[in-house]
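Participant: predicted model, plus sequence, below.
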Amino acid sequence: MTLPLPHPALAATDPELAGLVAAEEQLQAETLRLIPSENYVSRAVLEASGTVLQNKYSEGYPGRRYYEGQQNIDQVERLAIARAKALFGVEHANVQPYSGSPANLAVYLAFADPGDTVMGMALPMGGHLTHGWGVSATGTWFRGVQYGVRHDTGLIDFDEVRELALKERPKLIFCGGTALPRTIDFAAFAEIARESGAVLVADVAHIAGLIAGGAHPSPVPHADVISTTTHKTLRGPRGAMLMSREEHAKAIDKAVFPGLQGGPHNQTTAAIAVALHEAAQPSFRTYAQSVVANAKALAEELLARGFDLVSGGTDNHLILMDLTPKDVPGKVAAKALDRAGIVVNYNTVPYDPRKPFDPSGVRIGTPSLTSRGLGTQHMAAVADWIDRGVTAAGTGDEDALGDIRSEVAELMAAFPAPGLSA
Ligand code: DSN
């Protein structure tokens, strides 16, 4: 590992900022990063993100721009589009959304009018803000109706979803979310969307890399629209894509630009193209399978240590722990684990009696540690650190947290992170 990485111009112009970047590199190198929506991008993706493509305005689409000088930019965007179409087997791809929330907002613009009913999973059940939750613009400008998971199983009840859809007749039905540890049954959602006359939107932001790597079923051909960020399991830059059948191409493109956004971030488009190229390699398939294998192994180890996992385990990259039986609030645990060099986020669990800013759960995932090369043989140690960290959180044992931090740093030093190794 070569740390700090060389950023000579930045260091010369703005040493204060360069110092913060170096500190972040150090932090990412030394810690066990378990936030399931984060990852480590490759040096190639980082380099593409920091190119002169950043200097160019390109409102419009390849071949139909409002600015001249697009000889190279058009090719960059066409490359990203072609790679997205090939990787996910879709007829149309728009690679311009700035991130997941604007991508989802573009879907509303394309298919619904303000005041229309839309349906998605409730945020505290594992959904996303932009699936019609009240505090989001999508729940303010539209009438959001929300489904959840069953109290006894932690799983989606498709009879309940169907009943709600047939009663409410939403324009859009979102499936997918941010804290769903189980496989999404896209075919079941598609049937309900068809019966109720809704457009089905599969928000696969969390699992896009697993889908690309064959470790989760694809929403193709079930979903009308597929929305995804590019920076989670897909391991690309901070950005997003909307994909669909050709019949929806015009509506989606028009909604993204000029409906919602101005010029695309060309440096991000380039980095998305690189990430899609990487995700098409055989090694990425291995990566995606390993993410899931690691999560399953970690879930087993946590269960063996008495942790309560929502839905009893995981099928994907993500584990949602309800810490109520451990008598430690999620936020207290998350902050203690952070001091122990284990980075997680506190999270509501379904039917959480506590508030979202002080919930009962902690959400963890394996995309980042798998990118560093950790395998199933390391998951007992990871579970052990989490167990000791949560216990220390409860007793206020800062020495124990310090011990864990040293052990974590020692293991992570043996597994250099992509992007952080020169
Ligand atoms: N950033 C997403 C996540 O962490 O799951 C939510 O927007």
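Facilitator: The structure has been received and is ready for your questions.
Participant: what pairs with the nearest residue to Pro219 once chain neighbours are set aside across the strands?
Facilitator: Once flanking residues are discounted, Pro219 sits nearest to Ala202: 3.7 Å by CB to CB, 6 or more residues apart in numbering. All C-beta spots, glycine's among them, are computed from the backbone N, C-alpha and C. Beta-bridge partners for Ala202, by DSSP bridges, are Cys175, Ile226.
Participant: how near is Ala202 to Thr51?
Facilitator: 31 Å (CB to CB, to the nearest Å).
Participant: which other helices and strands does the helix or strand harbouring Leu10 contact?
Facilitator: Using DSSP states H and E, Leu10 sits in helix 8-13. Helices and strands touching helix 8-13, by 3 or more CB pairs under 8 Å, 6 or more residues apart in numbering; DSSP states H and E, are helix 15-30.
Participant: and the residue of the stretch 51-200 of the chain nearest the ligand?
Facilitator: Taking CB to the nearest ligand atom as the measure, the stretch 51-200 of the chain has Thr178 as its residue closest to the ligand, at 3.5 Å.
Participant: if I look at that residue, how far off is Ala193?
Facilitator: Remark: distance between Thr178 and Ala193 (CB to CB) = 21 Å.
Participant: what do you get for Val118?
Facilitator: Following CB to CB, the distance that separates Val118 from Ala193 is 12 Å.
Participant: of these two, who's got more company?
Facilitator: A direct count of neighbours by other CB atoms under 10 Å for Val118 and Ala193 places Val118 higher, at 28 against 23.
Participant: pretty sure the more buried one contacts Trp141?
Facilitator: No. Between Val118 and Trp141 there is no contact, the gap being 9.7 Å when judged by CB atoms under 8 Å.
Participant: beta partners for the residue of the stretch 251-400 of the chain found nearest the ligand?
Facilitator: Closest residue of the stretch 251-400 of the chain to the ligand, CB to the nearest ligand atom: Asn345 (7.0 Å). Using DSSP bridges, the beta-bridge partners of Asn345 come out as Arg363.
Participant: contacts only, for it.
Facilitator: Contact analysis of Asn345 by CB atoms under 8 Å, 6 or more residues apart in numbering lists Ile35, Ala334, Val362, Arg363.
Participant: again, but for Pro359
Facilitator: Pro329, Gly330, Lys331, Tyr346, Asn347, Thr348, Val349, Asp352.
Participant: now, which of these lie within strands?
Facilitator: Among the contacts of Pro359, the members falling in strands (DSSP state E) are Tyr346, Asn347.
Participant: in a markdown table: the contacts of Pro359, plus neighbour count, pLDDT and distance to Asn55.
Facilitator: Formatted as a markdown table, these follow (neighbours: other CB atoms under 10 Å; pLDDT from 0 to 100; distance: CB to CB, whole Å):
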| residue | neighbour count | pLDDT | distance to Asn55 |
| --- | --- | --- | --- |
| Pro329 | 20 | 98 | 47 |
| Gly330 | 26 | 98 | 43 |
| Lys331 | 21 | 98 | 42 |
| Tyr346 | 22 | 98 | 40 |
| Asn347 | 25 | 98 | 39 |
| Thr348 | 24 | 97 | 42 |
| Val349 | 27 | 98 | 46 |
| Asp352 | 18 | 98 | 47 |
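Participant: just the contacts of Pro359 now: which is nearest Pro170?
Facilitator: Thr348 (23.3 Å; CB to CB).
Participant: for that closest one, phi and psi?
Facilitator: Backbone torsions of Thr348, given as degrees, to the nearest 10, read phi -70, psi 150.
Participant: how much space separates it from Ala299?
Facilitator: Distance from Thr348 to Ala299, by CB to CB: 19 Å.
Participant: for Asp338, same thing?
Facilitator: Asp338 is 21 Å from Ala299, by CB to CB.
Participant: Gly394 now?
Facilitator: In terms of CB to CB, Gly394 sits 22 Å off from Ala299.
Participant: more crowded one of those two?
Facilitator: Ala299 (25 against 16).
Participant: my guess is that one meets Leu318, correct?
Facilitator: No. Applying CB under 8 Å, one finds Ala299 not in contact with Leu318, separated by 9.7 Å.
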